[in-house]
Structure formats: C-alpha cells, structure tokens
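**Student:** what follows is a predicted protein model with its sequence.
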Amino acid sequence: MGIRRLEDFNTVFRLKSIWLIFKESGSLWVAWLKRHIFKRKGLWGTKPSPKHSWGIRKLLMFKHKAADFLHCRLGDGNTALFWHDNWTGLGPLIKYVGVEGPKLLRIPLYAKVKAASKGLEWNLPGARSDRIQVALTRISAIPVPSSESGKDCFEWKATATEYRDTFSSSATWKLIRQQAPVVPWHSMIWFSLSTPRLSFIQWLVLLHRLPTRDRLARWGLLDNPMCVLCQLAPESHSHLFFDCCYSRDVWIPFASACFQSPPLDVDQCSSWLAAQPQARSSTRKSFAKLILQVAIYLIWSERNARIFKGESSPAEKTRLTLDRFARDIILSRKSSTSAHPWSLMDDWLLVTSTIQIL
C-alpha cells in the first residue's frame, strides 16, 4: 500500500541522533551531552534517570538498538571502548564474553581499546573460556592501535553486510521495518498519476475488504445481497469490478482505448498490464492504471449514492465524470519528458479520441 509506520520513522530519527554522538560532528549539543550527561561512562554506561529530560531518556532507551548498527574501524584506540563498542565484528564484547569479561581479561569496564595494547603488541592474558578464546583470536587479527592509523572511525550499517561512514535514513528504515512479500499489483496502486484517496479504495478492492453486500449478508447485516447497480447478481468484489453490466459500460470503453482485451475481473488487471509489450508507450500504461483507479472509485461512489442517498446516474454520466476526473489529475502532473502538463493532456486526448463518452 505504501503507508509507512510512524513508529519506524521515530526510531530512525532517534538512531540518527545517536549517530551524531559518535560522528564527532562538532555539534554543541553533542559536546554538552558528553560533558554533562555521559561523562566517563559514555553513552553505553549511562542509564536513564528522572533527572534527565524526556528527550535524553528516550535517546538512552534506543542505545541498545543503535548497538546493532554501529561499528568502529580502529585507529589509535583512544576513542573506542574495549567492551562496549563493536570494533571486532563480534558486537559489544561485554555481551559476547559476559559480565565476567573485565575481570578475566583484566581490562576495566569502560577502558579504551588502547588500554589492551602495549607498544606494538596486544597485551591480553590467556583465554579462560571458549568465547574469550574466539574473541582473542579475532583481536589478534586486528592491527594494534597506533597513532599513525589516525583516529578511531565509527561507521553505520547500510546493508546487512556493509557499514559506511555516513548515516542513511532510508537504508536504516529498510533494515528496521518488517518486510512483507511484494505483491504483483503494487505498481497499480502507486504510480506517477496515482492519487492517495483513489489508491486507498483500490487497495481495499484488491484485498477484497470493501463492505460489499455479499459480505454484509454473510455477517447477518443484510437480507438482500443483490447488486444495486444491475440487480442481476449478488454484489461481490468480482461482480462489481467489472462483471456488472453498469461497471462494464464505464470501464471497457476507456480501458480498450489503451490496450486490447481488458479483463472483466479486477484481480486480472495486473497480469493484463504486465502482458503489454514493453515497446508500447509507458504513458499509455500509466493512463490504463489511472483509468482503473478512477473507475473503481466512481463505481464504488455510485453504488454508495444509490444506497445511502437514493441518487443514481447513468453509465454515460459516470463515463463523463471519469474523463473529467482523469483530466484534472493529468493537468496537476508534469510529463516526464516535458515540464508542461499539456503534453500529457495531448496524449490523453489522443488515446481517448475514439471513445464515445455520451
């Protein structure tokens, strides 16, 4: 559908604030946090407190999620924390080794990585557990911190396997969101000429979630499930879009002007559009999607008008409304090849020139 969770956006913004703390961007806010809030323990060792502002408490609540995105490329070892920063690729060593790690390796809990080296060698005791052995093996493969290597550089996860020295909101959002399988009709919902109001109705139609009369009858809310547009068959999604003679008279003339053999079942429209030759104009395919959206919206509106207002319009008038509706949308957009909306309108007039609207 394209609707995004505000909770995910909020998470991304919090994570970006945490990234600024490690980026050394020269921010006065970051300098104040380090001096007055984090102090010697840094972000990882600071716990939320009632003394902190609401914003800082929220920031500290997201630090554990940020740990999964941060990686430190070791330089001189004077910035990265040995136990809390991910500089080995194993994640924070305090989590990997356990709380007994500082005692077993004789490295203080908030010590810098530099404290684990002596001269040009690592200065660490022997392993006392399998996990410590793995950690020491990994550390031995990392160059010893040196001033010649420059400062420690923090990186942010861009993909499942790649870290970069810049923060990307879109990449972070893709990593934290719950992904669902891509549906074949997604391009019919969102395209260059789509309108959110129409897209929402079409989305409900493709999921068969509109309160059609056959569904209302199954729920015991209605006695007569017959279609109010034709009175010839029960009103279902498949019948209403576009097996009904009324909706067929609205849909077929415009759809046929774009491509041959338009389907009478809305569930087959995605395969119908996908089957069109690539050599055909992409503008024509966008028009077919626009016609589908507007037709669904107007047919559903006509159905509701007859039920709730007692008003009805002939198919000819609905076709005229569809044409005007589509023209208004086209005039509000810009062509991909021209800055003037009239270029799109010229294409629309050419495609619909053979249609007998009235």
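**Tutor:** Received it, and whenever you're ready, just let me know what you need.
**Student:** count of neighbours near Tyr110?
**Tutor:** 16 (other Cβ atoms under 10 Å). C-beta: built from backbone N, CA, C; applies to glycine.
**Student:** any idea how far it lies from Lys41?
**Tutor:** 6 Å (Cβ to Cβ, to the nearest Å).
**Student:** one more: Arg35?
**Tutor:** Taking Cβ to Cβ, one finds Arg35 at 13 Å from Lys41.
**Student:** these two: which is more packed in?
**Tutor:** Lys41 (14 against 9).
**Student:** so what's that one up against?
**Tutor:** Counting by Cβ atoms under 8 Å, 6 or more residues apart in numbering, Lys41 touches Tyr110.
**Student:** one more time with 10 Å, if that's ok
**Tutor:** By Cβ atoms under 10 Å, 6 or more residues apart in numbering, the residues touching Lys41 are 47, 81, 84, 109-110.
**Student:** likewise for Gln268?
**Tutor:** 238, 262.
**Student:** using the three-state scheme, assign it.
**Tutor:** For Gln268, the assignment made with DSSP: H, G, I helix; E, B strand; the rest coil gives helix.
**Student:** what is the burial count for the nearest residue to Lys58 once chain neighbours are set aside?
**Tutor:** Spatial nearest neighbour of Lys58, chain neighbours left out: Arg14 (6.5 Å); criterion: Cβ to Cβ, 6 or more residues apart in numbering. Using other Cβ under 10 Å, Arg14 has 18 neighbouring residues.
**Student:** now swap in Ser168 and tell me
**Tutor:** Count around Ser168 with other Cβ under 10 Å applied: 16.
**Student:** isn't it up against Glu155?
**Tutor:** No: at 11.6 Å, Ser168 and Glu155 do not qualify as touching, with contact defined as Cβ atoms under 10 Å.
**Student:** returning to that earlier point: find the residues that touch each one of Tyr110 and Lys41.
**Tutor:** With Cβ under 10 Å, 6+ apart, Tyr110 and Lys41 have common neighbours 81, 84.
**Student:** quick one, domains of this structure?
**Tutor:** Using automatic domain parsing, the domain parsing of the chain gives 6-176, 186-351.
**Student:** find the nearest non-adjacent residue to Ile132, please.
**Tutor:** Val97 (5.7 Å).
**Student:** count of residues packed around the one you found?
**Tutor:** Other residues close to Val97 by other Cβ under 10 Å number 20.
**Student:** for the one 10 residues further on, same thing?
**Tutor:** Counted with other Cβ under 10 Å, residues neighbouring Ile107 total 20.
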